[in-house]
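Peer 1: Sequence and computational prediction follow.
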There are 2 protein chains.
Amino acid sequence: MSKAANTRLTILHKAFELIYTKGYQTTSIDEIIATTKVTKGAFYYHFKTKDEMGIAIIEEILKPTMMKHFIEPIEKSQNPIDDFYNMISYLLMDDPFLQVKYGCPVGNLTQEMSPWNNNFTEALRELVSQWKLTIIKAIEKGQEEGLIRRDVIAEQVALFILSGYWGIRNFGKLQNNNSVYVVYLQGFKKYLNNLK
Amino acid sequence: MSKAANTRLTILHKAFELIYTKGYQTTSIDEIIATTKVTKGAFYYHFKTKDEMGIAIIEEILKPTMMKHFIEPIEKSQNPIDDFYNMISYLLMDDPFLQVKYGCPVGNLTQEMSPWNNNFTEALRELVSQWKLTIIKAIEKGQEEGLIRRDVIAEQVALFILSGYWGIRNFGKLQNNNSVYVVYLQGFKKYLNNLK
DNA sequence: CATAAAAAATACTAGTTGGTATAAAAAACA
DNA sequence: TGTTTTTTATACCAACTAGTATTTTTTATG
């Protein structure tokens, strides 16, 4: 990787970290260039505006991560019920990057940016739609294979799963204690078993 | 009400509206005093700092509204399952103040402020805890009366209900279309019926 | 009515914000 | 190598931020 491409990636990663922990609008460019040790000239060579960088974070960091770790595994799923549980459980309890007190990066950005910037909303909507669609397909496949009841409405369940995840993430931010995750996951397991 | 008390309330209400639609940190005091037509002198006579005003919004607007419209009705509930559904359905579909694209005020503030200000987090935590506790009690009462299965774990369900609500609110922000609410509510109804 | 206290108005500050203009250095290539 | 292009560095700006100091007006009270 060229040196220039490297500075670009460094900016994206460090900025993402700052934004995840502090919020987008309250993360200043001065702070980003201070922590990355990149000058303002370099920053504005790689990104025309702060918002362009924000979109790049979604497109070049969030989307690929999402694809690799959550979309593709569900697509290959042989056992949707278990895999849904494992996906959410991993995100809540095991993912080494995510922290209880900082919530879900996608949820945070949605919450903060949707009133402000349509490009953000659009990019996030795409990401989430794909996630939802993957879950829907996995449910339908599970129904064909007799693993999930036929009267289950796939979209309803997909929405329920993702909403619950975002919501409990917000709860986690409030309590800063993953005991709420434990209780939530128990309820989530029961909910999933009801789909069988 | 004295004139002074009136300006104070005007500030709180208008500021709350701005914060709900735009976020706390991006709502400036200059903007608040411009829309309220109150001068800076008046503002800082009533509130020592911006954050003090923010806390006052939670304590004097959010909490009382919450108590009156969502806590007390559930406390008096004769039929918890129906009342849970009605509460969430009202919040999502009928409340005249709340809008799809702006999400849930409590959720928004939690998301935005918990990394920044512990007083906010504390005040919001209190509010949410009370809501959760009320739901738990209603479930337990329902169990005693044979309306809800005995093996249901009240806290699990309360957490599930509130998480789902916060999450679908976030979804609504992303889609800016209450059709997601409709689908969600259908799934929510099924979930609740499973508790019987 | 006089006077003290409460409430509101005005003008200002120091610090921060995203972004720009321009120059310097590094890399690519002839 | 010399020269063009890419990348980075530095210094700056106008607009905005929360908050302050001071004065003026309004209200309550004897």
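Peer 2: Good, I have the coordinates. Just so it is clear, the model here is predicted, and its values are computed rather than measured.

Peer 1: Okay, and the spatially most central residue of chain A sits in which element?
Peer 2: For chain A, the residue nearest the mean C-alpha position is A:Val106 (4.3 Å; CA atoms, centre = their mean). Assigned by DSSP states H and E, A:Val106 belongs to helix A:105-113.

Peer 1: can you tell if that helix touches chain B?
Peer 2: Yes - contact between helix A:105-113 and chain B is present through A:Gly107, A:Asn108, A:Thr110, A:Gln111, A:Glu112 (criterion: CB under 8 Å from any CB of the partner chain). All C-beta spots, glycine's among them, are computed from the backbone N, C-alpha and C.

Peer 1: how far off helix B:105-113 does that helix point, in degrees?
Peer 2: Counting by axes from the mean of the first three to the mean of the last three CA atoms, to 10 degrees, helix A:105-113 lies at 110 degrees to helix B:105-113.

Peer 1: by contact count, what packs against helix A:105-113?
Peer 2: On a contact count with 3 or more CB pairs under 8 Å, 6 or more residues apart in numbering or on different chains; DSSP states H and E, helix A:105-113 meets helix A:3-22, helix A:118-144, helix A:154-175, helix B:105-113, helix B:154-175.

Peer 1: and DNA strand D, which of those is closest to it?
Peer 2: The closest of these to DNA strand D is helix A:3-22. By CB to the nearest atom of the strand, the value is 3.4 Å.

Peer 1: Buried residues, the closest one. List them.
Peer 2: Neighbour counts using 16 or more other CB atoms under 10 Å in any protein chain shown place A:7-8, A:10-12, A:14-20, A:22 of helix A:3-22 among the buried residues.

Peer 1: same check, this time on stretch A:58-74
Peer 2: For stretch A:58-74, the neighbour count (16+ other CB under 10 Å) marks A:Ile58, A:Ile61, A:Leu62, A:Lys63, A:Met66, A:Phe70, A:Ile71, A:Ile74 as buried.

Peer 1: if I pick the closest residue in space to the second one that isn't next to it in sequence, what's in contact with it?
Peer 2: Ranked by CB to CB, 6 or more residues apart in numbering or on different chains and with sequence neighbours excluded, the top spatial neighbour of A:Ile61 is A:Phe16, at 5.4 Å. A:Phe16 is in contact with A:Ile57, A:Ile61, A:Leu62, A:Pro105, counting by CB atoms under 8 Å, 6 or more residues apart in numbering or on different chains.

Peer 1: tell me the phi and psi of the residue located most distally from the centre of chain A?
Peer 2: When distances are taken from the C-alpha mean of chain A, A:Gly41 lies farthest, 30.8 Å away, according to CA atoms, centre = their mean. The phi and psi values for A:Gly41, taken as degrees, to the nearest 10, are phi -60, psi -50.

Peer 1: Dump the contacts of A:Phe16 to JSON lines, plus secondary structure.
Peer 2: Conversion of those to JSON lines gives the following (DSSP: H, G, I helix; E, B strand; the rest coil):
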{"residue": "A:Ile57", "secondary structure": "helix"}
{"residue": "A:Ile61", "secondary structure": "helix"}
{"residue": "A:Leu62", "secondary structure": "helix"}
{"residue": "A:Pro105", "secondary structure": "helix"}
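
Peer 1: Let me know the closest of these to DNA strand C.
Peer 2: Proximity to DNA strand C was ranked across these by CB to the nearest atom of the strand; first place goes to A:Ile57, at 13.9 Å.

Peer 1: Number of residues surrounding that closest one?
Peer 2: Close neighbours of A:Ile57, defined as other CB atoms under 10 Å in any protein chain shown, add up to 22.
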